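Trainee: Quick one: sequence and predicted model below, then my questions.
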There are 2 protein chains.
Amino acid sequence: MSVRTRNLTHTPPAEVSLQDALDALGDPVRRTILRDLAGSPDWTRACGTFDLPVTKGTRSHHFAVLRAAGLIEQRDEGSRRLNRLRRPEFDEHFPGLLDLVLAEPAAG
Amino acid sequence: MSVRTRNLTHTPPAEVSLQDALDALGDPVRRTILRDLAGSPDWTRACGTFDLPVTKGTRSHHFAVLRAAGLIEQRDEGSRRLNRLRRPEFDEHFPGLLDLVLAEPAAG
DNA sequence: GTAGGTGTTCGACGTCAATCGAACATTTCG
DNA sequence: CGAAATGTTCGATTGACGTCGAACACCTAC
């Protein structure tokens, strides 16, 4: 039974360490996803709609890391997987951290 | 002429990217140094006075990374090299980030 | 049913950073 | 002077992570 079938995708992590958060935010591709996501309404962006310099497989990996760090939430809609930035939830655990990422100039 | 002789150690970096900051804070040994340093008055802690699970060479490397990220400043005092946490300077560039690290439970 | 679009998983590869140990430089102290 | 203490630097090793490509699963059309 696949992860997708079991629908585990939707379960947010119970606890996220600062180490996990910093690791997740340490990759520029992942920060690009977060900034892009912050500029769109919730549940309007599928994984494939992000302009990223990596292939499908790598892209999927990055979304998994963001999920595990509690930074995003995903929901299946037909054949696509829609995303939502878990901003208030993450801010509660690590106030100010996500703000720094979102304030970072794109492509930088 | 060695770096030490030229005294380049004291020069803080001109500009630090978020990438550099996250990289520097991404290592648990370096966060231990920062927390320990925050608990001591400025210029009272030599590099060797920190309880770290690494050898001399690695320790020196970590201090160099923290220096390059603008997180600490160093000054020679005899044969020892004293440290100071550049808290206000770093907070100005990345407000809230260092606070999260210093609030992190030790050894975690 | 067949085809196309979307996303995941897996193995393999390359690269980068942390680590160690040894050699070296500098200062201090006997 | 010689010896100990403090840090740095360098080469080599190792492990982790980002990446790709192919295979697979699922949904939605036609």
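Mentor: Looks like it came in fine.

Trainee: which element is A:D99 on?
Mentor: Using DSSP states H and E, A:D99 sits in helix A:97-103.

Trainee: Could you list the buried residues of that helix?
Mentor: For helix A:97-103, the neighbour count (16 or more other Cβ atoms under 10 Å in any protein chain shown) marks A:L97, A:L98, A:D99, A:L100, A:V101 as buried. The way it works is simple: take the backbone N, C-alpha and C, and place the C-beta from them, glycine included.

Trainee: now do stretch A:84-97
Mentor: For stretch A:84-97, a neighbour-count test (16+ other Cβ under 10 Å) marks A:R84, A:L85, A:R86, A:R87, A:F90, A:H93, A:F94, A:L97 as buried.

Trainee: Would you map the helices across chain A?
Mentor: Using DSSP state H, the helices of chain A run over A:3-6, A:18-25, A:28-38, A:56-68, A:87-93, A:97-103.

Trainee: mind checking which of those is nearest B:T58?
Mentor: helix A:18-25 (18.4 Å; Cβ to Cβ).

Trainee: Extract the CA atoms of that closest one and return them as CSV.
Mentor: Coordinates of each C-alpha in helix A:18-25 appear next as CSV, following Å, rounded to 0.1, in the frame of the first residue of the first chain:
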residue,chain,number,x,y,z
LEU,A,18,15.2,23.4,15.5
GLN,A,19,17.6,21.1,13.7
ASP,A,20,14.9,19.8,11.4
ALA,A,21,13.6,23.3,10.8
LEU,A,22,17.1,24.7,9.9
ASP,A,23,17.8,21.7,7.7
ALA,A,24,14.6,22.2,5.8
LEU,A,25,15.2,25.9,5.4
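
Trainee: Now do that helix: which elements does it pack against?
Mentor: Applying 3 or more Cβ pairs under 8 Å, 6 or more residues apart in numbering or on different chains; DSSP states H and E, one finds that helix A:18-25 makes contact with helix A:28-38, helix A:56-68, helix A:97-103, helix B:18-25.

Trainee: if you set the cut-off to 10 Å instead, what comes out?
Mentor: helix A:28-38, helix A:56-68, helix A:87-93, helix A:97-103, helix B:18-25, helix B:28-38, helix B:97-103 (3 or more Cβ pairs under 10 Å, 6 or more residues apart in numbering or on different chains; DSSP states H and E).

Trainee: quick revisit: mean confidence for the helix holding A:D99?
Mentor: The pLDDT scores in helix A:97-103 average 98.

Trainee: Tell me the bridge partners for the residue lying closest to A:G48 once chain neighbours are set aside.
Mentor: Nearest residue to A:G48 in three dimensions, chain neighbours excluded: A:R80, at 7.3 Å (Cβ to Cβ, 6 or more residues apart in numbering or on different chains). Taking DSSP bridges as the rule, A:R80 bridges to A:E77.
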